[in-house]
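> Quick one: sequence and predicted model below, then my questions.
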Amino acid sequence: MGSPERLATVARLGDADARLLGGPAGAERLDSHLSRLGPLTADAGAEDLLALVEQAGITGRGGGHFPLWRKIEAARRRGCPPLVVVNATEGEPASAKDRTLLELRPHLVLDGATVVARAAGASTVLVAVHRGSTAAASVLGAVAERQTGPVPSTAAGTGALAGPAPTFHVVDVPDQYVAGESSALASFLGGGEARPTSKVRPTAESGIDGRPTVVSNAETVAHVALIARFGAPWFRTAGGATGPGSMLLTLAGDVQAPGSVVELLRPTAAADIASWACGPDRNWQAVLVGGYSGTWLDRQQATTTLLQPGRPGAGGVSAGCGIIGVIDEDRCGLGEAARLVRWLSDQRAGQCGACAYGLPLVATQMEALAAGQAGGRRTGRRLASLAENLVGRGLCSLPDGTVAMAESALDAFHDEARLHQRRRCSAASPVGAFPLTRGFTRDHWA
Ligand code: SF4
């Protein structure tokens with residue numbers, strides 16, 4: 001699908017200023033990857049590579065915004081050989097950026113993982129993907145290519161990147177929302193259940209089988225491949241005040257090409273991205289920023305909210321895992337929010353009491369509001385009361401994020417909530433702007 005105009009701060013697949021999305025339209029093979037970007041030739045030891053990642057200031061692109069260098073440093077401090085996990089599991093059905101990256105640029109991800117492994121002192125990299133996905137097939141093919149073709153890290157240089165490449169293992173992970181949380185992933189890869197295990201001891205210190213484990217999302221790792229080639233100052237020429245570098249966004253909902261992945265180069269108002277993604281023929285109502293446990297913004301809020309990488313400051317909104325979901329003016333925002341809250345509630349692992357009992361109550365309250373059986377104020381009071389018993393009580397951020405999303409919906413759709421109190425609804429379209437299962441077709445929108 002074509003777009004009428006380019007938005008200057010957003011690059012699409014193949015655009016000249018794209019970073020992660022630069023290059024050919026399809027999956028890139030090793031020879032093309034090497035001739036386009038050159039080999040990894042940084043003549044640097046592990047300490048220098050860690051310093052490079054720190055200077056770049058890259059933070060996690062999976063939603064946590066944690067500085068990557070801190071994870072690597074924590075893993076090194078343990079004093080026993082760490083493992084590196086590339087997390088491409090993407091638990092949210094509307095998110096496609098990591099699988100798109102693995103599908104199209106598998107060697108960029110493998111290069112980045114090589115640098116992270118060298119910086120951490122790891123000799124093994126596990127790439128966590130969903131069974132049978134095109135991303136899994138692509139990365140398996142790329143690993144096989146490296147076993148027979150030129151190895152990017154040995155083409156030149158005599159430092160840490162000139163040695164043998166780490167061993168790559170591509171591992172299938174259950175397609176469950178909480179399975180991608182770092183401690184859940186480490187538990188599963190160590191032979192346990194795919195459930196969060198601890199928020200006290202970081203996975204970087206104690207992960208798979210108690211070994212230090214650097215779990216980093218596929219996009220984060222791919223950026224490192226470019227940082228190693230072009231340097232930290234270059235990386236910092238993109239991004240904004242809260243975090244350097246570009247970031248991938250998945251466009252979702254009532255946009256021209258739902259599921260398409262684009263690259264945000266500089267801070268941009270959420271409203272500008274929504275208008276561009278929807279095109280001139282659609283009148284959008286609100287944006288859901290950062291995924292299903294993200295933040296709803298009405299048009300006015302979206303106009304003053306900048307999207308950029310990194311942890312937002314006070315009053316800012318996290319871009320989370322990079323989903324930018326838009327709904328048309330004829331959708332019911334409360335109905336959409338209630339549907340997503342119920343879905344999130346159904347994803348709970350059921351091992352923390354507050355979450356197990358509290359999230360279904362949040363979902364029921366939101367459904368009552370959407371159905372005109374509760375008032376906005378009453379729902380707000382009940383949510384605040386539930387939040388007191390829920391937030392911070394779980395082993396993962398699912399309850400906190402769900403409550404925050406529901407509260408942002410009450411704020412963004414307060415006029416609609418008043419209508420619902422009078423048993424009316426302004427929507428003409430049915431609820432269901434966002435997918436609850438994978439498998440939707442997508443367009444790279446190049
Ligand atoms: S907070 Fe909820 S989803 Fe997270 S680990 Fe506990 S029960 Fe599972």
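Received it, and whenever you're ready, just let me know what you need.

> neighbours around the one residue in the stretch 251-400 of the chain that gets nearest to the ligand, how many?
Residue of the stretch 251-400 of the chain nearest the ligand, by C-beta to the nearest ligand atom: Gly394 (2.3 Å). In this view, the C-beta of every residue, glycine as well, is placed from N, C-alpha and C. Residues near Gly394, counting by other C-beta atoms under 10 Å, number 25.

> Was I right to think it contacts Ala356?
No - using C-beta atoms under 8 Å as the test, Gly394 is too far from Ala356 to be in contact (9.2 Å).

> on that earlier part again, ok, now which ones touch the residue of the stretch 251-400 of the chain closest to the ligand?
Applying C-beta atoms under 8 Å, 6 or more residues apart in numbering to Gly394 gives the contacts Pro196, Cys352, Ala354, Cys355, Asp400.

> One more: Val214?
Lys71, Ile72, Ala75, Pro82, Leu83, Val84, Val85, Val116, Ala120, Ala122, Ala204.

> what about it, distance to Leu398?
23 Å (C-beta to C-beta, to the nearest Å).

> repeat for Ala128
Distance, Ala128 to Leu398, by C-beta to C-beta: 19 Å.

> One more: Leu50?
Applying C-beta to C-beta, the value for Leu50 to Leu398 is 32 Å.

> okay, these two: which has more neighbours?
Just comparing Leu50 and Leu398: by other C-beta under 10 Å the higher neighbour count belongs to Leu398, 24 against 21.

> who in the stretch 101-250 of the chain is up against the ligand?
Val178, Arg195, Pro196 (C-beta under 6 Å from any ligand atom).

> Separate out the buried members of those residues.
Buried members of these, counted by 16 or more other C-beta atoms under 10 Å: Val178, Arg195, Pro196.

> Mind checking which of the residues you listed are in strands?
Using DSSP state E, no member of these falls in strands.

> and which of those is nearest Glu367?
Lowest distance from Glu367 to these (C-beta to C-beta) belongs to Val178, with 22.0 Å.

> Kindly state the pLDDT recorded for that closest one?
On pLDDT, Val178 comes in at 88.

> With adjacent residues omitted, what lies nearest to Ala119?
Leu49 (3.9 Å; C-beta to C-beta, 6 or more residues apart in numbering).

> actually Ser206, not the one I typed
Pro212 is the one closest to Ser206 (C-beta to C-beta, 6+ apart), at 7.0 Å.

> For this protein, which residues score under the pLDDT cut-off?
Along the chain, the model assigns pLDDT under 70 to residues 1-4, 42-43, 149-163, 438-446.

> And the strands in it?
Counting by DSSP E, the strands of the chain are 10-11, 83-87, 124-129, 167-172, 213-217, 239-240, 243-244, 247-253, 261-264, 268-269, 284-289, 295-298, 306-307, 323-328.

> Would you mind getting the angle between the second one and strand 213-217?
Angle of strand 83-87 versus strand 213-217, following axes from the mean of the first three to the mean of the last three C-alpha atoms, to 10 degrees, is 20 degrees.

> partner strands of strand 83-87, parallel or antiparallel?
If you go by DSSP bridges, strand 83-87 pairs up with strand 124-129 (parallel), strand 213-217 (parallel).

> could you give the angle of that strand to strand 167-172?
Angle, strand 83-87 to strand 167-172, by the same axes, to 10 degrees: 40 degrees.

> What residues of strand 83-87 count as buried?
Result for strand 83-87 [16+ other C-beta under 10 Å]: buried residues Leu83, Val84, Val85, Val86, Asn87.

> wait, what's in contact with the first one?
Just to be clear, that refers to Leu83. Counting by C-beta under 8 Å, 6+ apart, the residues that Leu83 touches are Ala122, Thr124, Val125, Leu126, Gly207, Ile208, Arg211, Pro212, Thr213, Val214.

> May I have the beta-bridge partners of the third one?
Here Val125 shows beta-bridge partners Val84, Phe168, assigned using DSSP bridges.

> from the chain's centre, how far out does stretch 381-390 sit?
Distance, stretch centre to chain centre, for stretch 381-390: 27 Å (C-alpha atoms, centre = their mean, to the nearest Å).

> what comes into contact with that stretch?
By C-beta under 8 Å, 6+ apart, stretch 381-390 touches 354-355, 358-359, 361-362, 365, 399-400, 403, 406-407, 410.

> what's the answer for stretch 330-338, then?
Stretch 330-338 has contacts (C-beta under 8 Å, 6+ apart) with 254, 285-286, 288, 296, 327, 363, 366-367, 369-370, 405-406, 409, 412-413, 416-417, 420, 425-429, 431-434.

> Show me what residue of the stretch 151-300 of the chain gets nearest to the ligand.
Closest residue of the stretch 151-300 of the chain to the ligand, C-beta to the nearest ligand atom: Pro196 (4.0 Å).

> isn't that residue right up against Ala184?
Yes - under the criterion of C-beta under 8 Å, Pro196 makes contact with Ala184 at 4.7 Å.

> on that earlier part again, which among the contacts of Gly394 count as buried?
Pro196, Cys352, Cys355, Asp400.

> Make a markdown table out of these and add distance to Val221.
Formatted as a markdown table, those follow (distance: C-beta to C-beta, whole Å):
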| residue | distance to Val221 |
| --- | --- |
| Pro196 | 22 |
| Cys352 | 30 |
| Cys355 | 30 |
| Asp400 | 26 |
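
> Go through stretch 257-270 and flag the buried ones.
Ala257, Pro258, Gly259, Ser260, Val261, Val262, Glu263, Leu264, Leu265, Pro267, Thr268, Ala270.

> Phi first, then psi, for the fourth one.
The one in question is Ser260. phi -80, psi 150 (degrees, to the nearest 10).

> any idea how far Leu21 is from it?
11 Å.

> do the third one as well
Gly259 sits at a distance of 15 Å from Leu21 (criterion: C-beta to C-beta).

> just checking, Arg393 touches Tyr357?
No - Arg393 is beyond contact range of Tyr357, at 10.6 Å (criterion: C-beta under 8 Å).

> What is the burial count for the residue of the stretch 1-150 of the chain at minimum distance from the ligand?
Residue nearest to the ligand within the stretch 1-150 of the chain: Gly91 (10.8 Å; C-beta to the nearest ligand atom). By other C-beta under 10 Å, 24 other residues sit near Gly91.

> Settle this for me: Ala120 is touching Pro81, isn't it.
No - the pair Ala120 / Pro81 is not scored as a contact, 9.1 Å apart, by C-beta under 8 Å.

> More neighbours: which of the two?
Between Ala120 and Pro81, counted using other C-beta under 10 Å, Ala120 has the larger neighbour count: 28 against 13.
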